[in-house]
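Novice: sequence and predicted structure below; questions after.
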Amino acid sequence: MAVISFKTLNNNVQDAISTGKFPEKNLRELSANLKASQKKDFKFTMIIAAIIAVFIGGLFGYMIYNSLEMQQHLLGWILGYLGIVAIIFLGSYFTQIGIIRGQFNIALREGYPELYKELKL
């Protein structure tokens with residue numbers, strides 16, 4: 001059985017930021033750490049999506065090469081393949097990067113509107 005993990009912002013940190021009670025120095029450090037972490041997570045997501053794309057593409061290519069009936073519907077198979085790869089990438093991006101980015105940016109906009117443009121993710 002597979003487990004899907006989501007990266008989220010700590011509720012206490014999110015509440016402190018949105019109410020403006022989080023120290024500004026720590027907020028700057030948190031923003032820098034999250035930006036660095038998201039760069040690494042994005043690269044990791046791209047690598048995983050590329051590996052899956054190559055694997056699924058190879059499987060589809062082998063199936064299409066061996067079946068004349070599948071060759072007649074080549075455009076549909078290619079579009080389906082691209083759709084699957086896009087869904088895998090978007091799903092992994094959202095679970096690893098998108099949720100925490102949204103939580104941080106919304107809390108930052110509510111608690112520190114003057115720092116929003118400078119520190120947003």
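Specialist: Thanks, I have it. Numbering: from 1, shown residues only.

Novice: just checking, what packs against the host helix or strand of Phe44?
Specialist: Using DSSP states H and E, Phe44 maps to helix 24-66. For helix 24-66, the packing partners by 3 or more Cβ pairs under 8 Å, 6 or more residues apart in numbering; DSSP states H and E come out as helix 68-72, helix 74-93, helix 99-111, helix 116-119. Placement of C-beta: from N, CA and C, glycine included.

Novice: for the longest one, give me every contacting residue.
Specialist: Where contact means Cβ atoms under 8 Å, 6 or more residues apart in numbering, the residues beyond helix 74-93 that reach it are Phe42, Thr45, Met46, Ile48, Ala49, Ile52, Ala53, Ile56, Gly57, Phe60, Ile64, Met70.

Novice: quick one: which of the residues you listed is most hemmed in?
Specialist: Within the contacts of helix 74-93, most neighbours by other Cβ atoms under 10 Å means Thr45, with 21 neighbours.

Novice: not counting sequence-adjacent ones, nearest residue to it?
Specialist: Ser92 (4.9 Å; Cβ to Cβ, 6 or more residues apart in numbering).

Novice: what about the worst-scoring helix or strand of the chain on mean pLDDT, distance to the chain center?
Specialist: When the helices and strands of the chain are scored by mean pLDDT, DSSP states H and E, helix 68-72 comes last with a mean of 77. Distance, stretch centre to chain centre, for helix 68-72: 35 Å (Cα atoms, centre = their mean, to the nearest Å).

Novice: which helices and strands sit right next to it?
Specialist: Helices and strands touching helix 68-72, as assessed by 3+ Cβ pairs under 8 Å, 6+ apart, comprise helix 24-66.
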